[in-house]
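>>> when you get a sec, could you give me coordinates for this:
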Amino acid sequence: MPQPCPETALLTFTDQAGVQQFQYQFTFVGVTYDSATGFSTFTYNVCKPGTDSTFKDLSHFVIGFSPDCPIQLTPNQPGVEFVNPDPTTGAVGIKIDTPVATAVCPLVNTYSFTLNGFADVGPVTITAKDGAQGGIQFFTSGTICGPICTPVPGARGFRLQ
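Coordinates of the predicted model:
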């Protein structure tokens, strides 16, 4: 059963003094279930609000996902991998590399990943890392809709909703 979750996450990057440097907007577009294959495809739009010249392009973002979930990423998805943890942010989940310049809102870049099972939607952590221009790296986290597994009461392991 789907759980309430935010469809949009506005992630704010700050410098070491806590001063806002730039933001990125992530929007959960939705999930498509393919009954023939049993796959779930999750799609997200990413953009940077405003035209501030201090914006850096993203290196990657990670959608939180339990390593104990019985479903996994389908193979051969360029730029998508499971990380446990991501070496630069410490996040655990589905890492999506963002190799192109990030669009300025209302234009968006669209990213998807596919899981080999039916995953429900609920609140997950999203962690984003900038492209480290100028030698300084920033990363930040928020909450957005994503794939979830839930514990089975009184049992070991997880089940998909």
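>>> ranges for the strands of the protein?
For the chain, strands defined by DSSP state E occupy the ranges 8-14, 20-34, 39-47, 58-64, 80-83, 93-97, 109-115, 120-130, 139-148, 150-151, 158-159.
>>> next, the angle from the third one to strand 120-130.
Just to be clear, that refers to strand 39-47. Relative orientation of strand 39-47 versus strand 120-130 (axes from the mean of the first three to the mean of the last three Cα atoms, to 10 degrees): 40 degrees.
>>> repeat that for the longest one.
Relative orientation of strand 20-34 and strand 120-130, computed by the same axes, to 10 degrees: 140 degrees.
>>> now do the buried residues in strand 20-34.
22-28, 31 (16 or more other Cβ atoms under 10 Å). Glycine gets a C-beta too; all of them are placed from N, C-alpha and C.
>>> can you tell me the strand partners of that strand and which way each runs?
If you go by DSSP bridges, strand 20-34 pairs up with strand 8-14 (antiparallel), strand 39-47 (antiparallel).
>>> swap in the fifth one?
Strand 80-83 has these partner strands in its sheet, going by DSSP bridges: strand 93-97 (antiparallel).
>>> now the angle from the partner strand to strand 58-64?
Using the same axes, to 10 degrees: strand 93-97 against strand 58-64 is 160 degrees.
>>> avg pLDDT for strand 93-97?
Here strand 93-97 scores 95 as its mean pLDDT.
>>> and stretch 63-76, how far apart are its ends?
This stretch, stretch 63-76, spans 18 Å end to end (Cα to Cα, to the nearest Å).
>>> give me the distance from it to the chain's centre.
Taking Cα atoms, centre = their mean, to the nearest Å, one finds stretch 63-76 lying 12 Å from the centre of the chain it belongs to.
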